[in-house]
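Engineer: after the sequence you'll find the predicted model.
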Amino acid sequence: MTSPEIDVSFVIPAKNEEQFIVQCIKSLQDCSDAGVTTEICVVDNGSTDGTVGLAHTLNARVIEHPNLSISALRNVGAMASTGKWIAFVDADVTVAPDWLENALREIRLPEVAAVGSSPDIPSGSNWVVRTWHLQVVSRPDYCEREWLASMNMLVRRDLFEQIGGFDETLTTCEDVDLGYRITRLYRIIYDKRIRATHHGEAQSLRQLFRKEAWRGSYNYRGLLRHGWRASEIPSLVQPLLTIGGFLCIFANFAVDLAGVTQAGILMLAAFPLAKTFQIIQKTGARHSFFALVIVWTIYSFARAWSAIVEFKYFLIKLIKPVLQAP
């Protein structure tokens, strides 16, 4: 007896996710659409907790590949799966019961190659999570976008394979890069009806800094891979503006020049204030003004730090051949 053809393959990259993996897999098993067959592939990156055992208990297919990047894990899962469409869902995400129905409605359109949305946050989330999530609230319910977060995304297998999947040279920003390559050929649809909830958001300012410093660590290297996009200008300019602000303030200690400190403070404040007013204008959340300023200031500092790390990488890459020359 032959196995039925799979319509949708859920690919879940995971490492030490026993806190979330059960609710993630159960939510995927509970979402259904008439006549649609699914499979669940957990690609484990060397978990030392109960992640693998729990996934097996729930009858998910588990593929163990330790020491791979997140991009490579997703590619491994995609290659091992057989569905016509590939759904990438992070282990700390749960999906709504009507997820399949809403996602397939959009991706069945011939001009659409990928669909998804930014996940919601759990009820009872703290002020850091709620404030950070306002950027998601400010987005349209339905629109065309250049990229989607890979924690909640459905893509056409044929196109995914055609463009070579995720770029495994990128540790982060791999979903941005994938989206840019997809939109050269087809459309990407952002639809909030493709509902999911992210249970792993940063719970404190310290965690937010660490996450955003990591997420931004391949911003400029990603630019070299996929080319220039006008929509990337804010995220590329912001770290430079923040670094420039710090340099102005520190320079004033060495050379007492009128207005240098003020200029530095303005440079540091420019991006957080711009994002705060933009989000308030779209959401009306005036009561969150100070919280937004704080959160986006932390974001700015984190991305500036990751830019410094990247500049160090480029510098080493430039001078290494010189140092190794005979």
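Structural biologist: Sure, I can see it. Numbering: from 1, shown residues only.
Engineer: ok, and the closest non-adjacent residue to G50?
Structural biologist: E18 (4.3 Å; CB to CB, 6 or more residues apart in numbering). Quick note: C-beta positions are derived from backbone N, CA and C, even for glycine.
Engineer: checking that neighbour next. Helix, strand or coil?
Structural biologist: The local conformation at E18, judged by DSSP: H, G, I helix; E, B strand; the rest coil, is coil.
Engineer: count the residues that sit near it.
Structural biologist: By other CB atoms under 10 Å, 17 other residues sit near E18.
Engineer: return the residues in contact with it.
Structural biologist: By CB atoms under 8 Å, 6 or more residues apart in numbering, E18 lies in contact with S47, D49, G50, T51, L54.
Engineer: what pLDDT does the third one get?
Structural biologist: Looking back up the chat, that one is G50. On pLDDT, G50 comes in at 95.
Engineer: now it: how far from E64?
Structural biologist: Separation of G50 from E64 (CB to CB, to the nearest Å): 14 Å.
Engineer: hmm, back to that, just among the contacts of E18, which is most surrounded?
Structural biologist: Highest count within those by other CB under 10 Å belongs to T51, 25 neighbours.
Engineer: state the distance from that one to D167.
Structural biologist: Taking CB to CB, one finds T51 at 26 Å from D167.
Engineer: ok, now R139?
Structural biologist: R139 is 25 Å from D167, by CB to CB.
Engineer: and for R130?
Structural biologist: According to CB to CB, R130 and D167 sit 33 Å apart.
Engineer: between those two, which one's more packed in?
Structural biologist: D167 (21 against 17).
Engineer: and the more buried one, what is it in contact with?
Structural biologist: S71, E174, D177, L178, R225, H226.
Engineer: and if we set it to 6 Å?
Structural biologist: Neighbouring residues of D167 by CB atoms under 6 Å, 6 or more residues apart in numbering: E174, D177, R225.
Engineer: who's in contact with the particular helix or strand that has S9 in it?
Structural biologist: For S9, the element it lies in under DSSP states H and E is strand 8-14. Contacts to strand 8-14, defined as CB under 6 Å, 6+ apart, come from residues 28, 38-44, 51, 70, 73-74, 77-78, 81, 83, 85-89, 91.
Engineer: who's in contact with the helix-or-strand element of the chain with minimal mean pLDDT?
Structural biologist: Between all helices and strands in the chain, the lowest mean by mean pLDDT, DSSP states H and E belongs to helix 219-226, at a mean of 79. Helix 219-226 has contacts (CB under 6 Å, 6+ apart) with D167, L170, C173, D177, Y180, E310.
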